[in-house]
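Enquirer: Quick check, what structure comes out for this input:
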Amino acid sequence: MKRDKMSYWIATSLVALSGLMAGITYFTSPYIAKEFNHLGFPDYFRVELAIANILGSFVIILPMISGRIKEWAYAGFAIDFISATIAHITVEGISAAINPLVALLFLIISYVYYVKITIKQ
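Expert: Numbering: from 1, shown residues only. The predicted structure follows:
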């Protein structure tokens, strides 16, 4: 049980930190704004995604948030990471998709242990 909780918190912290940093960077970095444009996305999508990433990071990391809301945050991050992978592969090639794939892997690990922990309690 202790190993499960530790694995959950490590993976979840990495996903939340990744989402939080991405959200902040989407707001502050002109390079990221150009990258979104390069991938073919409108500027308002970058802002929406930044807000969603920041909110989702807090939702999955805060223990007082209900399980139903956490499930939606996990689904949102999964859609985000899968979409980012597809966009990067389509425009720039497979090597550009490594970061969202790694984030998706940690998201899956986090979710698997989240379910494992919540069912045991």
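Enquirer: residue ranges with poor pLDDT in this protein?
Expert: Within the chain, the stretches with pLDDT under 70 are 120-121.
Enquirer: Apply 90 and report the result again.
Expert: By pLDDT under 90, the weakly predicted segments of the chain are 1, 39-40, 92-93, 95-96, 118-121.
Enquirer: any idea which residue sits dead centre in it?
Expert: Geometric centre of the chain, nearest residue: Phe77, 4.1 Å, by Cα atoms, centre = their mean.
Enquirer: what's whichever helix or strand Glu48 is part of packed up against?
Expert: Secondary structure from DSSP states H and E places Glu48 in helix 43-61. Contacts defined by 3 or more Cβ pairs under 8 Å, 6 or more residues apart in numbering; DSSP states H and E place helix 43-61 against helix 2-28, helix 30-39, helix 67-92. For glycine as for every other residue, the C-beta is placed from the backbone atoms N, C-alpha and C.
Enquirer: For those helices, give me JSON lines that also has distance to Asn99.
Expert: As requested, those are exported to JSON lines (distance: least, Cβ to Cβ, whole Å):
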{"stretch": "helix 2-28", "distance to Asn99": "9"}
{"stretch": "helix 30-39", "distance to Asn99": "12"}
{"stretch": "helix 67-92", "distance to Asn99": "8"}
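Enquirer: and Ala50, which of these is closest to it?
Expert: With Cβ to Cβ, the closest approach to Ala50 among the helices and strands packed on helix 43-61 belongs to helix 2-28: 3.6 Å.
Enquirer: Buried residues, that closest one. List them.
Expert: Buried residues in helix 2-28, defined by neighbour count with 16 or more other Cβ atoms under 10 Å: 7-8, 11-12, 14-16, 18-20, 22-23, 26.
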